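> need a structure here:
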Amino acid sequence: MSVLLNCDLGESFGAWSMGMDEMVMPHIDQANVACGFHAGDPLVIQNTLRMARENGVSVGAHPAYPDLMGFGRRSIHASANEIHALIHYQVSALDGMAACAGLELAYVKPHGALYNDMMAKPSVRQAIMKSVADYYRPIKLMLQATPEAESHRIEAEHYGIELLFEAFADRCYDDDGKLLSRTKPGAVHSREKMLDQVRQLSEESSVTTINGHILKLEVDTICVHGDNAEGIEAIREIREMLAS
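Model prediction:
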């Protein structure tokens, strides 16, 4: 199985710096660019898009609930119409800036609590799918690969949109296919376990859960994180592994 690497980028804001984007960009295929609601500002977005263009990296919008203080990690009760609008607002802004940079926005990947709500609540997922479907041109939606992938694909077909299924390099999976809560021991893999999980995903299309069960997953792309020097080195190793 040939899989891509994606990373959440452009999450600095004003004088506050987040991540090591310049060092990550040469090693990934897809950049999920913050749109200003949880992080990012116009200059950060512009610079992130420039780096993506220079490195031949595909770009996607990374919209969130309006939660700068909480980095988009707090769930906000929003109606379907509000979700529809906040997705369009953020995606349109990034799409326009991407066009100015000579890029075409390829997909949408919700961030943080909006992503978690999308996976847990059918009403939120359907509102997001409708928003993507109602965009002025075709654009894909990235969501988590789970054992319910086929039902999610059927949902997406109802709205006439294409999906990208993603797995996570450094997160442990529970037996039901959900990510193990960060409050539980072992939720975030060591470097060695992370590399083993990526190898298993790429070679066997599966992960080993917290209790040792083999879980089959259909995966198009793997999410990596480059917030520190150790993370950058791990991404380099993953890139080399997938290329070999």
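> could you find the closest non-adjacent residue to Y65?
Excluding the flanking residues, the one nearest Y65 by C-beta to C-beta, 6 or more residues apart in numbering is I76, at 4.3 Å. (Each C-beta comes from the backbone N, C-alpha and C, glycine too.)
> any idea which element the one you found lies in?
Using DSSP states H and E, I76 sits in no helix or strand.
> do V207 as well
Going by DSSP H and E, V207 is in strand 206-208.
> tell me which helix or strand comes right after that strand.
strand 214-216.
> contacts for that following strand next, please.
The contact list for strand 214-216 (C-beta atoms under 8 Å, 6 or more residues apart in numbering) reads 147, 173, 175, 177, 205-209.
> measure the residue nearest to Y65 to I87 for me?
13 Å (C-beta to C-beta, to the nearest Å).
> which other helices and strands contact the lowest-mean-pLDDT helix or strand in the chain?
Counting by mean pLDDT, DSSP states H and E, the chain has its least confident helix or strand at helix 229-243, which shows a mean of 89. Here helix 229-243 touches strand 4-9, helix 21-24, helix 191-204, strand 221-224, going by 3 or more C-beta pairs under 8 Å, 6 or more residues apart in numbering; DSSP states H and E.
> between strand 4-9 and it, find me the angle.
On the basis of axes from the mean of the first three to the mean of the last three C-alpha atoms, to 10 degrees, helix 229-243 is oriented at 160 degrees to strand 4-9.
> list the buried residues in helix 229-243.
231-232, 234-235, 238-239, 242 (16 or more other C-beta atoms under 10 Å).
> out of these, which one sits closest to M23?
The nearest member of those to M23, counting by C-beta to C-beta, is I232 at 4.8 Å.
> wait, what's in contact with the closest one?
20, 23-24, 27, 226 are the contacts of I232 under C-beta under 8 Å, 6+ apart.
> show the buried residues in those residues.
For the contacts of I232, buried by 16+ other C-beta under 10 Å: 20, 24, 27, 226.
> who are the contact partners of the last one?
Counting by C-beta under 8 Å, 6+ apart, G226 touches 7, 19-21, 23-24, 232, 235.
> packing partners of the helix or strand hosting N47?
Taking DSSP H and E as the criterion, N47 maps to helix 42-54. With contacts defined as 3+ C-beta pairs under 8 Å, 6+ apart, the packing partners of helix 42-54 are helix 21-24, strand 30-34, strand 58-62, helix 80-100.
> surely V44 meets S17?
No. If you go by C-beta atoms under 8 Å, V44 and S17 don't touch, sitting 9.4 Å apart.
> I'd like to check the angle between the least confident helix or strand of the chain and helix 191-204, please.
20 degrees.
> change the start of the numbering to 28 and stick with it
Sure, I'll start counting at 28 from here, so that last one is helix 256-270.
> so for stretch 42-51, mean pLDDT?
The pLDDT scores in stretch 42-51 average 90.
> report the buried residues of that stretch.
45-48, 51.
> stretch 61-69 now?
For stretch 61-69, using 16+ other C-beta under 10 Å, the buried residues are 61-67.
> can I get that stretch in CSV, CA atoms only?
Output of stretch 61-69 as CSV, limited to C-alpha atoms (Å, rounded to 0.1, in the frame of the first residue of the first chain):
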residue,chain,number,x,y,z
ALA,A,61,-4.5,26.4,10.0
CYS,A,62,-7.1,28.9,8.8
GLY,A,63,-7.1,31.5,11.7
PHE,A,64,-9.8,30.1,14.0
HIS,A,65,-7.6,28.0,16.3
ALA,A,66,-4.2,29.3,15.1
GLY,A,67,-2.5,31.0,12.2
ASP,A,68,-2.7,34.5,10.9
PRO,A,69,-2.5,36.0,7.4
